[in-house]
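In: no sequence on this one, just coordinates:
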């Protein structure tokens with residue numbers, strides 16, 4: 001089940017959401033040391049440089065931790081802390097299953113288009 005999450009862009013998130021609109025998960029890349037950071041990074045967590053630019057993530061991740069929420073229908077909403085192939089961690093919905101994936105499970109990006117607000121990243125279990 002897909003959770004009803006509503007996201008709205010602001011000035012700081014506009015580029016990130018614009019990427020999701022066209023199917024790209026953008027993350028931050030440090031021009032000084034090459035480290036990849038979360039989309040909300042304003043400075044590199046490795047070297048503290050503010051020389052960051054947007055790059056597209058490859059769209060694969062692995063499960064680091066999970067949480068499930070029971071729904072009134074009896075199904076479960078599954079969300080996970082995932083480590084992107086580039087290194088940053090994001091908290092995202094896992095879609096296409098109501099089974100909790102095991103730690104380390106390989107995931108693939110899917111863009112979730114919501115009835116309201118902006119698209120958000122989600123992941124499916126990779127096959």
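Out: Now that the structure is in, tell me what you want to look at. As the structure is a computational prediction, the values presented were derived from the model and not from experiment.

In: can you pull up the bridge partners for the residue lying closest to residue 86 once chain neighbours are set aside?
Out: Setting aside the residues directly before and after it, residue 86 is nearest to residue 36 in space (C-beta to C-beta, 6 or more residues apart in numbering), at 3.9 Å. For the C-beta atoms, the positions are set from N, CA and C on the backbone; glycine is no exception. According to DSSP bridges, the residues that bridge with residue 36 are residue 29.

In: is it true that residue 36 touches residue 55?
Out: Yes - with contact defined as C-beta atoms under 8 Å, residue 36 counts as touching residue 55 (7.4 Å).

In: list residues touching both of the two?
Out: Shared contacts of residue 36 and residue 55, defined by C-beta atoms under 8 Å, 6 or more residues apart in numbering, comprise 27, 28, 29.

In: Spell out the residue ranges of the strands in the protein.
Out: Using DSSP state E, the strands of the chain run over 26-30, 36-37, 52-56, 60-70, 76-84, 89-94, 106-112, 120-125.

In: Next, format the ones you listed as TSV and append mean pLDDT and distance to residue 44.
Out: Compiled in TSV, the strands of the chain are given as follows (pLDDT from 0 to 100; distance: least, C-beta to C-beta, whole Å):
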stretch	mean pLDDT	distance to residue 44
strand 26-30	98	4
strand 36-37	98	6
strand 52-56	97	7
strand 60-70	94	21
strand 76-84	93	16
strand 89-94	96	15
strand 106-112	97	23
strand 120-125	96	22
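
In: Could I get those strands in JSON lines, plus columns for mean neighbour count and distance to residue 100?
Out: As requested, the strands of the chain are arranged in JSON lines below (neighbours: other C-beta atoms under 10 Å; distance: least, C-beta to C-beta, whole Å):
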{"stretch": "strand 26-30", "mean neighbour count": "21", "distance to residue 100": "25"}
{"stretch": "strand 36-37", "mean neighbour count": "20", "distance to residue 100": "27"}
{"stretch": "strand 52-56", "mean neighbour count": "14", "distance to residue 100": "29"}
{"stretch": "strand 60-70", "mean neighbour count": "16", "distance to residue 100": "5"}
{"stretch": "strand 76-84", "mean neighbour count": "20", "distance to residue 100": "6"}
{"stretch": "strand 89-94", "mean neighbour count": "18", "distance to residue 100": "8"}
{"stretch": "strand 106-112", "mean neighbour count": "18", "distance to residue 100": "13"}
{"stretch": "strand 120-125", "mean neighbour count": "20", "distance to residue 100": "11"}
